[in-house]
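Colleague: Sequence and predicted model, in that order:
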Amino acid sequence: MNALTAAVRPAQPGDVAAIAALLADAVAEDPVAEWLVPDPTERQTIFHGLLAMDVDHAVEWGNVDVLLDMTAVAVWRRHPTTEAVPLSDYHLDTFTGRALPRFRQLHALIGSYRSDAPHHWLSWLYVTPDRRRRGTAARLLTHHHERVDQLGYPIYTVVTTEAARDFLDGQGYHPGLPLHLPSGPRLWPLVRNGRPARPSNGPRDA
């Protein structure tokens, strides 16, 4: 089974550790992750804990989609989700230690861009290197786009590389002006505008 034929399925609580390990590979050389935690060994330790917490929260309160062979993942959050327990500075401090001030700066910067209106948020999109250039990432996006278009909601995200920005631009996301971290790298915000909601007799939930 390859990435073109592997089915997309919702992640389960038992998948959290494997997904966190997959995403930890994604941040190993990410420019913003390097700015947050310059030491590579410390970076891996911190992000393993943070990602496990983040993915576990999203499995319960958002949407996490994976391929059956676990070679690709997309992590989505819903806003607002009034029932969810928010991830706070306390949760960050549990894992980040001395890196907490920079994580706070990052969260404040992204928070300045995030909309208060109902929307979905693309937190993570990752495909293992051996599965790239096969349409896998686009397939994961389309899978969720069909879900969120039932609601008519926009999707927001912030990415850390120009390559990610350009890819999402080609998938119908519109890039905004870059965001600047203090003495750090740039980030690129993007939005996919909401489609007209389709009529439904069921509950309006994602």
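Modeller: Received the coordinates, thanks. Keep in mind that this is a model prediction, so the values were computed, not measured. Numbering: from 1, shown residues only.
Colleague: does the closest residue in space to A17 that isn't next to it in sequence sit in a helix or strand, and which one?
Modeller: Counting by CB to CB, 6 or more residues apart in numbering, A17 lies nearest to A52, which is 6.5 Å off, once chain neighbours are set aside. All C-beta spots, glycine's among them, are computed from the backbone N, C-alpha and C. Element membership for A52, per DSSP states H and E: helix 40-61.
Colleague: Please save the CA atoms from that helix in PDB.
Modeller: Below are the C-alpha coordinates for helix 40-61, written out as PDB (Å, rounded to 0.1, in the frame of the first residue of the first chain):
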ATOM      1  CA  PRO A  40      19.200  20.200  19.200                       C
ATOM      2  CA  THR A  41      19.200  17.700  22.000                       C
ATOM      3  CA  GLU A  42      17.100  19.900  24.200                       C
ATOM      4  CA  ARG A  43      14.900  20.700  21.300                       C
ATOM      5  CA  GLN A  44      14.000  17.100  20.700                       C
ATOM      6  CA  THR A  45      13.300  16.500  24.400                       C
ATOM      7  CA  ILE A  46      11.100  19.600  24.700                       C
ATOM      8  CA  PHE A  47       9.100  19.000  21.500                       C
ATOM      9  CA  HIS A  48       8.500  15.300  22.200                       C
ATOM     10  CA  GLY A  49       6.600  16.400  25.300                       C
ATOM     11  CA  LEU A  50       4.900  19.400  23.800                       C
ATOM     12  CA  LEU A  51       3.800  17.500  20.600                       C
ATOM     13  CA  ALA A  52       2.400  14.600  22.600                       C
ATOM     14  CA  MET A  53       0.300  17.000  24.700                       C
ATOM     15  CA  ASP A  54      -0.700  19.000  21.600                       C
ATOM     16  CA  VAL A  55      -1.700  16.000  19.500                       C
ATOM     17  CA  ASP A  56      -3.500  14.300  22.400                       C
ATOM     18  CA  HIS A  57      -5.600  17.500  22.900                       C
ATOM     19  CA  ALA A  58      -6.400  17.700  19.200                       C
ATOM     20  CA  VAL A  59      -7.400  14.100  19.000                       C
ATOM     21  CA  GLU A  60     -10.000  14.800  21.700                       C
ATOM     22  CA  TRP A  61     -11.100  18.300  20.800                       C
END
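Colleague: Could you list the residues in contact with that helix?
Modeller: 11-13, 15-17, 19-21, 23-24, 27-28, 33-34, 36-37, 64, 75-78, 81, 83-85, 87, 91-92, 94-97, 99, 123 (CB atoms under 8 Å, 6 or more residues apart in numbering).
Colleague: which residues touch V32?
Modeller: The contact partners of V32, by CB under 8 Å, 6+ apart, come to 106, 160, 181, 184-185, 187.
Colleague: could you dump these to JSON lines with neighbour count, distance to L141 and pLDDT?
Modeller: What follows is the contacts of V32, written out as JSON lines (neighbours: other CB atoms under 10 Å; distance: CB to CB, whole Å; pLDDT from 0 to 100):
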{"residue": "L106", "neighbour count": "20", "distance to L141": "24", "pLDDT": "92"}
{"residue": "T160", "neighbour count": "20", "distance to L141": "17", "pLDDT": "95"}
{"residue": "L181", "neighbour count": "17", "distance to L141": "26", "pLDDT": "93"}
{"residue": "G184", "neighbour count": "16", "distance to L141": "27", "pLDDT": "91"}
{"residue": "P185", "neighbour count": "16", "distance to L141": "24", "pLDDT": "94"}
{"residue": "L187", "neighbour count": "21", "distance to L141": "19", "pLDDT": "96"}
